[in-house]
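> Structure of the sequence below:
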Amino acid sequence: MNHRETSRVALQARLEEALAGRVPAVVATLVKGEPLGAKLLLLPDEVQGTLGNAVLDATVEPEARALLAAEKSETRSYQLPGREEAVEVFIESYPPPPTLLIFGAVHVAQPLSHFAKALGFDVIISDARAKLATRERFPDADRIIRGWPDETLEQVEILPNTFVAILSHDPKFDEPALVGTLNTPAAYIGAIGSRKTNEDRRRRLAEAGMSPEQVARMRAPIGLDIGAATPEEMAISILGEIIALRRGRSGGSLTNATGSIRGERQPATGA
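Numbering: from 1, shown residues only. Next comes the predicted model:
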């Protein structure tokens, strides 16, 4: 095995190790130009490999990291000094799976956990009530944290691909969860309850010192307006709103929609 092949094997092994550890990664591969097939691996605090040209490496790196942050993959062309033909680089993002953090181990949380796991989410259940927060009730959850919202938030890092569903329907659980998440980079924060409940909730959050911008981030009542009545239907309503947000869609009927029916597929999260 020559040096180039050895480097590729080492890079692939490092990528697989990163993915197993839920570490975001992006790989740039030279698909037009020489050395064809050269690869550059970018991790949060690490760079491995090269595309065979220092200028190209330096140009591709910030663009690749931006695509990773946007959870997108694409091929881009680059014109290098002294070369007549442009080179092409395929940039493939491997973001960590999105996380669904559910506060409240209630009936709706059970199908929500199950459906979210089937959609590729890492699922975390949080509830201080030990009788509800059990593995028997939530066999699909990746983590079950028996604790109050503030205790849970000490153990869970809220990232831009974290989605929060607050379902307890009890102010002593729901409002600390809202106060603890509305100032985080979470992609989505939804709370269960009627319109009247949420009007009162918004008022109390403002009185507690939350800014209008923070309060406005709360999606409440949670979910899409599909007339959901059962726990399963409510779970679909919540996940429908989350999917629409991830895809940049309104969540309305396709009958009246314009443009492509299908949203952009999320990039692979495995090797």
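
> Going along the chain, name the strands of the stretch 1-150 of the chain.
25-32, 39-43, 46-49, 74-78, 87-94, 99-103, 122-126, 143-145 (DSSP state E, counting those that start in this stretch).

> In this structure, which residue sits furthest out from the middle?
Most distant residue from the mean C-alpha position of the chain: Gly82, 40.9 Å away (CA atoms, centre = their mean).

> Low-confidence regions, this protein specifically.
Scanning the chain for pLDDT under 70 picks out the ranges 1-3, 254-271.

> Recalculate using a threshold of 50.
267-271 (pLDDT under 50).

> who's in contact with the nearest residue to His169 once chain neighbours are set aside?
Spatial nearest neighbour of His169, excluding adjacent residues (CB to CB, 6 or more residues apart in numbering): Ile192 at 5.5 Å. In short, each C-beta sits where N, CA and C put it, glycine included. For Ile192, the contact set (CB atoms under 8 Å, 6 or more residues apart in numbering) comprises 104, 108, 165-169, 174, 220-222.

> Which of these sits closest to Tyr188?
For the contacts of Ile192, the minimum distance to Tyr188 (CB to CB) is 8.2 Å, reached by Ala165.

> Quick check: bridge partners of the closest one?
Judged by DSSP bridges, the bridge partners of Ala165 are Ile102, Gly190.

> So it is in contact with Ala235, correct?
No: counting by CB atoms under 8 Å, Ala165 stays clear of Ala235, with 9.2 Å between them.

> Between those two, which is the more surrounded one?
Higher neighbour count among Ala165 and Ala235: Ala165, with 28 against 24, using other CB atoms under 10 Å.

> What distance do you get for the more buried one to Ala10?
Ala165 sits 41 Å away from Ala10, going by CB to CB, to the nearest Å.

> Next: His107.
With CB to CB as the criterion, His107 and Ala10 are 49 Å apart.

> The chain: helices as residue ranges?
Taking DSSP state H, the helices of the chain run over residues 3-20, 54-69, 109-118, 149-155, 171-181, 195-207, 212-216, 231-247.

> Would you mind telling me which of those helices is nearest Asn161?
Nearest to Asn161, of the helices of the chain and by CB to CB, is helix 231-247 at 8.8 Å.
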